[in-house]
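>>> everything below, folded, please.
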Amino acid sequence: MYDLSLLIVRLVIGLGMAAHGAQKLFGWFGGGGISGTASFLESLDFRPGRFFAASSGLAEFTGGVLIALGFLGPIGAAVIVMVMIVAILAVHAKNGFFNTDNGAELPILYIAAAFLFSFVGFGAISVDAALGLTWSPLVAWLVLALAVIAAFLTFGVRRTAREPEQIWKPEQVAEPEEASEPVGGAIERTPVFQGRHARISPERVTRQPEHEARGRNKPAERSEREKHPRTELAQRSEREKHPGRGPGERETTP
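Just a heads-up that it's a prediction; the model follows:
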């Protein structure tokens, strides 16, 4: 009964882990395959993504099959421990413990089962028992320690995404803006050149003589006269008849 219990637990843990590996490698059971897993891993800064996708999928699939078969003692268990530690560090640790929040609950259960098989063994219903293979606790500790070190090294070699290189472009020279002119003066915007760059200096008010400011209104006066040419002719003829009279004055009789 003891060996049968170990077999059931091995099949659940081993085949469950192998199924996760098949999702990554072959796209089975609704998985993303190599391409989909690579995109996900690259979002976690594991680059090149296809390499890490194939490595993690192969590790999960191989470790799960070894556990289900009860073969090679702590080796398959150590592979599972390595993959689960990386998953906890990269994905689940920030979400807490519970699986409902995508926490580390499920990976921790896989690690606990892997430690159990490493020291208790696979029981009589296993390939190791059929081949007469036995593993000492010292070997189990050594293999598991190497797996933990490999997990932290794998997590440490992540390549952070490089920031896009900024291409240098000379600043465009801004055109002087036309501003409303104050009475008796005008605003000038003067571009100041500094090497290859240019900037617009702050507004600089330049006062101009009043006669120049009044001179700018002459076109408006001309246009007004052009609109009413008859009125202008009438005023001229009136001045010619009465030289001493101003425009608009009526003749008075003594």
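>>> show the average pLDDT along the biggest helix by length in the chain.
Identified as the longest helix of the chain according to DSSP state H is helix 2-26. The predicted model assigns helix 2-26 a mean pLDDT of 94.
>>> the inter-axis angle of the helix or strand encompassing residue 67 versus helix 2-26?
Assigned by DSSP states H and E, residue 67 belongs to helix 49-69. Helix 49-69 and helix 2-26 are oriented at 160 degrees to each other (axes from the mean of the first three to the mean of the last three C-alpha atoms, to 10 degrees).
>>> who does helix 49-69 touch, helix- and strand-wise?
On a contact count with 3 or more C-beta pairs under 8 Å, 6 or more residues apart in numbering; DSSP states H and E, helix 49-69 meets helix 2-26, helix 33-43, helix 74-87, helix 105-120. C-beta coordinates here come from the backbone N, C-alpha and C atoms, glycine included.
>>> name the residues that touch the third one?
The contact list for helix 74-87 (C-beta atoms under 8 Å, 6 or more residues apart in numbering) reads 14, 17, 56, 59-60, 62-67, 107-108, 110-111, 114-115, 117-118, 135, 139-140, 143-144, 146-148, 150-152, 154-155.
>>> before we move on, what about the first one?
Contacts made with helix 2-26 from outside it, assessed by C-beta under 8 Å, 6+ apart, are listed as 28-34, 37, 53-54, 56-70, 76, 80, 110, 113-114, 117, 120-126.
>>> ok, back up a step: can I get the buried part of the contacts of helix 74-87 as one ChimeraX selection?
Of the contacts of helix 74-87, the buried ones can be selected in ChimeraX as follows, counting by 16 or more other C-beta atoms under 10 Å:
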select :14,17,56,59,60,62,63,64,65,66,67,107,108,110,111,114,115,117,118,135,140,143,144,147,150,151,154,155
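>>> distance to residue 95 for the helices and strands packed on helix 49-69 - can I get that in TSV?
Below are those laid out as TSV (distance: least, C-beta to C-beta, whole Å):
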stretch	distance to residue 95
helix 2-26	18
helix 33-43	16
helix 74-87	12
helix 105-120	10
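>>> which of the ones you listed sits most buried?
A comparison of the helices and strands packed on helix 49-69 by mean neighbour count, using mean count of other C-beta atoms under 10 Å, puts helix 74-87 on top with a mean of 25.
>>> re earlier: the helices and strands packed on helix 49-69: which one's closest to residue 131?
helix 74-87 (13.7 Å; C-beta to C-beta).
>>> what's the angle from that closest one to helix 49-69?
140 degrees.
>>> now helix 74-87 and helix 105-120, what's the angle there?
Using the same axes, to 10 degrees: helix 74-87 against helix 105-120 is 160 degrees.
>>> now helix 74-87 - C-alpha only, CSV.
Extracted in CSV, the C-alpha atoms of helix 74-87 (Å, rounded to 0.1, in the frame of the first residue of the first chain):
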residue,chain,number,x,y,z
PRO,A,74,17.0,13.0,-7.3
ILE,A,75,18.0,14.1,-10.7
GLY,A,76,14.5,14.6,-12.1
ALA,A,77,13.4,16.1,-8.7
ALA,A,78,16.4,18.6,-8.8
VAL,A,79,15.4,19.7,-12.3
ILE,A,80,11.9,20.5,-11.1
VAL,A,81,13.3,22.4,-8.1
MET,A,82,15.4,24.5,-10.4
VAL,A,83,12.6,25.5,-12.7
MET,A,84,10.1,26.2,-9.9
ILE,A,85,12.6,28.5,-8.1
VAL,A,86,13.1,30.5,-11.2
ALA,A,87,9.3,30.7,-11.7
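>>> list of residues touching the one helix or strand residue 139 maps to?
Secondary structure assignment for residue 139, by DSSP H and E: helix 137-156. Helix 137-156 has contacts (C-beta under 8 Å, 6+ apart) with 73-75, 77-79, 81-83, 85-86, 89-90, 115, 118-119.
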